[in-house]
Structures are given as structure tokens and as C-alpha cells.
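Trainee: Dropping the sequence and predicted coords here.
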Amino acid sequence: MDFNIVNEIKLSYSRKGNSEKLISCSLDAVDVFRQYFDLEEIDYRESFFALYLNQANKVLGIKKISESGISSTIVDVRIIMQAALLCNATAIILAHNHPSGNLKPSAEDLKITQSIKSASEFLNIKLLDHCILTSTDYLSFADEGHLCWVLFV
């Protein structure tokens, strides 16, 4: 039998298409996120997405991080950062929904945002915003002053 000494790891990133969508404000990001949230379940189950941007704030890609229950979803910071590194992102915008319709960030929302911000700062990637969506409205952490990055220059 021939055994490898270590397993080879292969990671890939593909830009299918040539999206040149520019994000210049929180509403631009929310418009992109709304295309990926299941609108039939936005008031039923919580989902969490990350949008990855290049230096010019053009969209590189979007990734669903998790989908779970009625009042919470598990977010692994490492998965968010792995995708950011894989696509050479220089900025990230996060979004999740509140099926309750309440736009107020929970203590858990603030805590996970801080964890992601700390990880992104370590990797020199800007966390520009974290948006909470409902079927009819949204809240931007950056617009509300919960993040200290200058959102869009």
C-alpha cells in the first residue's frame, strides 16, 4: 500500500460571470443580499450571508454562511475568513435576517460582529457593515454607528 505522508489540500474559487456590481452604500449591499435570501423563508428561518468585495468595493462574490432555526443561526468566523482569503477580498459586508421582524441587534449579533471584526482586522480585511434584514426593512450597523470603519469612501 502507498500512503501519503500528508493529505493534499485543494481549495478553489471561481468567478462565474463578470459581476462588476459596485457597493457604495448599505442599500446597495442590501439589494444584493435580497437576491440571495429565500424570500419565502425570510420571515420563517434565520440565514447568514457574507458579501466579499475588492479594493474598489466591487463584488467578488457572496456566500451563505449558515441557515438554521427561527431565532438563531450558528456563525463560524473561520468559514467567513476562509472565503475572504480564497477570493482575495479586501472587505466584507455581513447580513442576516430576523424572522421576528425586529431590527434591533441582539447581544449575540453584537458579539459575533465583534468577533468577525477582530478576525478581519488581524487579516487586514475591512468589515464594512453588518445588515439585519426583515421582509420589509433593514438595519445597517455602519449607518447606526455600531462599526467604526468609514463605510464607503
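Mentor: Looks like it came in fine.
Trainee: just checking, what packs against the longest helix seen in the chain?
Mentor: In the chain, taking DSSP state H as the definition, the longest helix is helix 107-122. Helices and strands touching helix 107-122, by 3 or more Cβ pairs under 8 Å, 6 or more residues apart in numbering; DSSP states H and E, are helix 77-86, strand 91-97, strand 126-133. No exception for glycine: its C-beta is placed from N, CA and C like everyone else's.
Trainee: Nearest to residue 59, out of the ones you listed?
Mentor: Distance to residue 59, taken as Cβ to Cβ, is lowest for strand 91-97 among the helices and strands packed on helix 107-122, at 9.3 Å.
Trainee: between the helix or strand harbouring residue 50 and strand 126-133, what angle do the directions make?
Mentor: In the assignment (DSSP states H and E), residue 50 maps to strand 47-53. Inter-element angle recorded for strand 47-53 and strand 126-133: 140 degrees (by axes from the mean of the first three to the mean of the last three Cα atoms, to 10 degrees).
Trainee: And the contacts of strand 47-53?
Mentor: Contacts to strand 47-53, defined as Cβ atoms under 8 Å, 6 or more residues apart in numbering, come from residues 23, 29, 32-33, 36-38, 41, 59-68, 73, 75, 80, 83-84, 87, 89-97, 128.
Trainee: how close does the most centrally placed residue in the chain get to residue 102?
Mentor: For the chain, residue 50 is the residue whose C-alpha lies nearest the centre (Cα atoms, centre = their mean; 1.8 Å). Counting by Cβ to Cβ, to the nearest Å, the gap between residue 50 and residue 102 amounts to 22 Å.
Trainee: if we can go back for a sec, so which of the helices and strands packed on helix 107-122 is the most packed in?
Mentor: strand 91-97 (a mean of 26; mean count of other Cβ atoms under 10 Å).
Trainee: neighbouring strands for it, and are they parallel or not?
Mentor: Here strand 91-97 is paired, per DSSP bridges, with strand 47-53 (antiparallel), strand 126-133 (parallel).
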